[in-house]
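>>> no sequence for this one, just the structure:
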């Protein structure tokens, strides 16, 4: 049965619950820092202070989600495309900082994710 909410025109705005499920984390050690933002819809990763990456695609390929049950999901298996960039050191071909953002192919249950792993670095999420 349809029930009128009002007796006049109205605009209703819905906010997806995914916005409130966003998790963030950061890691810092010896001048190196990394941060991650994870929502059911997307992932953002940034590293700075010198990296082991020659381009942003290497950063994406080296990023995984560490689940609470101990399993690891490579980000490249969950996302489609990415945007991002980086800046190079003048002394070598490695990026001094890099970041990327990507959308997930399917909604992600962030309650199952404990950390974002970038290479050997784990970024715990809260």
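Sure thing, it's come through. Everything numeric here is computed off the predicted structure, so don't read it as measured data.

>>> and the most centrally placed residue in the chain, which helix or strand is it part of?
Central residue of the chain (CA atoms, centre = their mean): residue 43, 2.2 Å from the mean position. Per DSSP states H and E, residue 43 falls inside strand 42-48.

>>> who are the packing partners of that strand?
Packing partners of strand 42-48 (3 or more CB pairs under 8 Å, 6 or more residues apart in numbering; DSSP states H and E): strand 32-38, strand 95-104, strand 113-118. C-beta coordinates here come from the backbone N, C-alpha and C atoms, glycine included.

>>> could I get the ones you listed in JSON lines, plus columns for mean neighbour count and distance to residue 54?
JSON lines is the format used below for these (neighbours: other CB atoms under 10 Å; distance: least, CB to CB, whole Å):
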{"stretch": "strand 32-38", "mean neighbour count": "20", "distance to residue 54": "17"}
{"stretch": "strand 95-104", "mean neighbour count": "19", "distance to residue 54": "7"}
{"stretch": "strand 113-118", "mean neighbour count": "21", "distance to residue 54": "15"}
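
>>> out of the ones you listed, which comes closest to residue 9?
Among the helices and strands packed on strand 42-48, strand 95-104 comes nearest to residue 9, with 33.7 Å by CB to CB.

>>> got the angle between the closest one and strand 42-48?
180 degrees (axes from the mean of the first three to the mean of the last three CA atoms, to 10 degrees).

>>> pairing partners for strand 95-104, with directions?
Strand pairing for strand 95-104, determined by DSSP bridges: strand 42-48 (antiparallel), strand 79-88 (antiparallel).
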